[in-house]
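> have a look at this fold, sequence not included:
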């Protein structure tokens, strides 16, 4: 039976990356010519929106004859929780957020000692943002980002690297590339998350599984920022210590699961 993976394998990674870089170039040049500022969030919204249309067109244009892209997408959607466990996905998301939080507080502590320079927010505080900005953030980071980034890093990079390299190298390289696309404080968390969703993808063989996990991760981070919980945490050392302890415990379990579930091959 044909799956979304078969459609993804028909895409040319050179064409996808060329189009992606072309759109970045155009979105960079247009504001310079028109002397306007798009803003990083709006820039990303337009970029990911165009890439979503590109993927939809390119995948729909793949011709297998007996089954269409829409049929394959519908079957994958119907089976998403049959091939993956919502509890495992939720645990990965929560463990990752705890891990990122623990790394953040360690970096802040090192910054306070003047060992490094670090002043990035953990979640931020969205309580004072306009509704239009919140809506744009939600559409970009919570909805579009999981789809585009998973199609790129898992659907294309991971699958292509696996054809040329050992599956372990394919997972690690695609996850590191995914990680370096994030800010300094979140690189390690993004790499760990990339490894986890890569394993989920390989085990489930369904690209919608990592997309859903990524969506859940970004949604939870968005809700935490919307609640303004970051500044409540920063003012309470006991909560910080508790978060670090929970991060150590949960990630001990997570790392143990990663090693036990590490795939030997990718179909």
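Sure thing, it's come through. Here the structure is a predicted model, which means the values were calculated and not measured.

> what about residue 197, neighbour count?
30 (other CB atoms under 10 Å). For the C-beta atoms, the positions are set from N, CA and C on the backbone; glycine is no exception.

> same question for the one 3 residues further on.
The burial count assigned to residue 200 is 22, neighbours taken as other CB under 10 Å.

> and if you look at the one 10 residues further on?
With neighbours defined by other CB under 10 Å, the count for residue 210 comes to 29.

> centre of the chain to the one helix or strand it maps to, how far?
Per DSSP states H and E, residue 210 falls inside helix 208-227. Relative to its parent chain, helix 208-227 has a centroid offset of 9 Å by CA atoms, centre = their mean, to the nearest Å.

> stretch 176-186 too?
10 Å.

> quick one: end-to-end length of that stretch, please.
12 Å (CA to CA, to the nearest Å).

> likewise stretch 106-120?
OK, stretch 106-120 end separation, CA to CA: 12 Å.

> need phi/psi at residue 35.
phi 60, psi 50 (degrees, to the nearest 10).

> what's the answer for residue 36, then?
phi -130, psi 160.

> count of residues packed around it?
Residues near residue 36, counting by other CB under 10 Å: 9.

> re the thing from before, next one: the next helix-or-strand element following the helix holding residue 210 to chain centre, how far?
Under the assignment DSSP H and E, the closest C-terminal helix or strand after helix 208-227 is helix 229-234. Mean C-alpha position of helix 229-234 versus that of the full chain (CA atoms, centre = their mean) differs by 24 Å.

> do stretch 207-227 as well
9 Å.

> average pLDDT across stretch 65-79?
In this model, stretch 65-79 has an average pLDDT of 90.

> about what we covered before: so which bits of the helix holding residue 210 are buried?
208-222, 224-226 (16 or more other CB atoms under 10 Å).

> what's the burial count for the residue lying closest to residue 125 once chain neighbours are set aside?
The shortest distance from residue 125 to any non-neighbouring residue, by CB to CB, 6 or more residues apart in numbering, is to residue 228 (4.7 Å). Residue 228 is flanked by 14 other residues according to other CB under 10 Å.

> where in the stretch 101-250 of the chain is pLDDT low?
Scanning the stretch 101-250 of the chain for pLDDT under 70 picks out the ranges 184-185.

> the same query, at a cut-off of 90, please.
Applying pLDDT under 90 to the stretch 101-250 of the chain picks out residues 101, 103-129, 164-165, 181-188, 225, 227-240.
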